[in-house]
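> What follows is a predicted protein model with its sequence.
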Amino acid sequence: MTAIQSTTLTFDRIEARPVMLKLKRPIQARIGGVSDWPVILIDLHTREGIVGKSYLEPYLPNSMKYLMSMLKDLSDALKGRQVAPADIYNIARKSLHLVGYPGLSMIAVSGLDMAAWDALAKSANLPLCTFLGGSVGPVNAYQSSGLWLIPPESAEEEAIQLRDEGNFTAMKMRMGREHLRDDLATLKAVRKGVGDDMRLMVDFNQSLHIGDALLRCRAIDDLGFEWIEEPLLYDNFDGYAKLREAIKTPLQMGENFYGPLDVHRAIQMNTCDLMMPDFMRIGGVTGWMRAAAIAGVAGVPMSTHFYPEVGAHVLRVTETAHLVEWIDWVNPVLQKPYEIRNGQVIIPDAPGLGMEWDEDFVRGALIQL
């Protein structure tokens, strides 16, 4: 790695490009299905020539045009400022006071924040985890790239394939089929494929009301799941508190927390045992670090949601670090995707996040908005 003298960077501009990726295993959940995956590639250019990189996964193709406009506005507002993530985060957050923190505005701020941290770590010639005060090393992960609401007869083979993609010892499956018996049949097929030693998590993708959640979660409460994730709508904190009291399996939520305040609120209301904030909603790296401090005081284990490249780095400096959610959907746009070895994410010994775009692939995946 070539040494870089200055760690002071000046914001020049953001270049944001929308691409559409084809999912190898399309999302099939009770609340909907997705086969084409929208991604916004972000390049934060500095006057010193260092480029910070990040990406956003905003779920819906139509959301990209709004996010692109927001990123353009942020680019214009920050031109000439020092690249200081804490300052940028505070400036951007204050600009949202009148419209509220949740939603696309926070997602745009988060994309900018992740790119700013990447740029600063590159300027120091350090991997992000080292720049944050940690060290490079492997991070425990679980496989989450499949096992959607597929037919039970397909689950055994898919579970084996998913395990073998990184010699995983943990993976997540989804439930919420019309009939509970079909969910249970799928679990049986998965266990047949990968055995009883595989650590399994289950995600209901917010598909249940409180009555159905009580019925189904109690029905699977003694089946050995590591956690039950988001059975209810994400903002039903009262329902989560009630459900947590009714079951023994750890309850997981948090991918829809908008900023660290939601972490504090969830802890105060006893809504869950585990948390997994999403980087595009929690506020990027800055938001995660603030949220992790709150969770750390309360002793709540934190896993990541999506963005495994960023997630691996921040878990190296998170007090209650749990697991990286491994999803390989963005790998096609990366020159060198992160490696999975024996169920662990291997952080590259490279400056920043170590991400470079595969420009040949990107040119073919760009879309017009």
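Everything's here; your move. Numbering: from 1, shown residues only.

> what ranges of the chain fall below the confidence cut-off?
1-6, 96-98 (pLDDT under 70).

> Other residues contacting stretch 13-25?
Here stretch 13-25 makes contact (Cβ atoms under 8 Å, 6 or more residues apart in numbering) with 34-45, 61, 64-65, 67-68, 71-72, 74-75, 79, 111-112, 115, 145-146, 148, 158, 328-330, 332-333, 362, 365-367, 369. To be clear about C-beta, it is placed using only N, CA and C from the backbone, and glycine gets the same treatment.

> Can you get me the centre-to-centre distance for that stretch and its chain?
Relative to its parent chain, stretch 13-25 has a centroid offset of 16 Å by Cα atoms, centre = their mean, to the nearest Å.

> List only buried entries from the contacts of stretch 13-25.
Among those, those classed as buried by 16 or more other Cβ atoms under 10 Å are 37-45, 64, 67-68, 71, 74-75, 111-112, 115, 145-146, 148, 158, 328-330, 332-333, 362, 365.

> Which ones among these map onto strands?
37-45 (DSSP state E).

> Next, format these as JSON lines and append distance to residue 84.
Listed next are those as JSON lines, based on distance: Cβ to Cβ, whole Å:
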{"residue": "37", "distance to residue 84": "32"}
{"residue": "38", "distance to residue 84": "30"}
{"residue": "39", "distance to residue 84": "27"}
{"residue": "40", "distance to residue 84": "23"}
{"residue": "41", "distance to residue 84": "23"}
{"residue": "42", "distance to residue 84": "17"}
{"residue": "43", "distance to residue 84": "19"}
{"residue": "44", "distance to residue 84": "13"}
{"residue": "45", "distance to residue 84": "16"}
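
> Now flag whichever of the residues you listed is closest to residue 189.
Checking those against residue 189 with Cβ to Cβ, the nearest one is residue 37 at 26.0 Å.

> Quick check: the closest one vs residue 278, distance?
Distance from residue 37 to residue 278, counting by Cβ to Cβ, to the nearest Å: 15 Å.

> Residue 49: what secondary structure?
The three-state label given to residue 49 by DSSP: H, G, I helix; E, B strand; the rest coil is coil.

> Tally up the residues packed near it, please.
Residue 49: 10 surrounding residues under other Cβ atoms under 10 Å.

> and if you look at residue 113?
Residue 113: 27 neighbours (other Cβ under 10 Å).

> Equivalent analysis for the one 10 residues further on, please.
Taking other Cβ under 10 Å as the criterion, the count of residues near residue 123 is 23.

> Quick one: distance of the longest strand along the chain to the chain centre.
Secondary structure of the chain read by DSSP E shows that its longest strand is strand 11-29. How far strand 11-29 lies from its chain's middle: 13 Å, per Cα atoms, centre = their mean.

> what helix or strand is the nearest residue to residue 342 once chain neighbours are set aside on?
With Cβ to Cβ, 6 or more residues apart in numbering as the criterion, residue 342 has its nearest non-adjacent residue at 4.9 Å, and that residue is residue 167. For residue 167, there is no host helix or strand (DSSP states H and E).

> Enumerate the positions of the longest strand of the chain that are buried.
Within strand 11-29, the residues that count as buried by 16+ other Cβ under 10 Å are 11-12, 14, 16-19, 21, 23, 25, 27-29.

> Cheers, nothing more for now.
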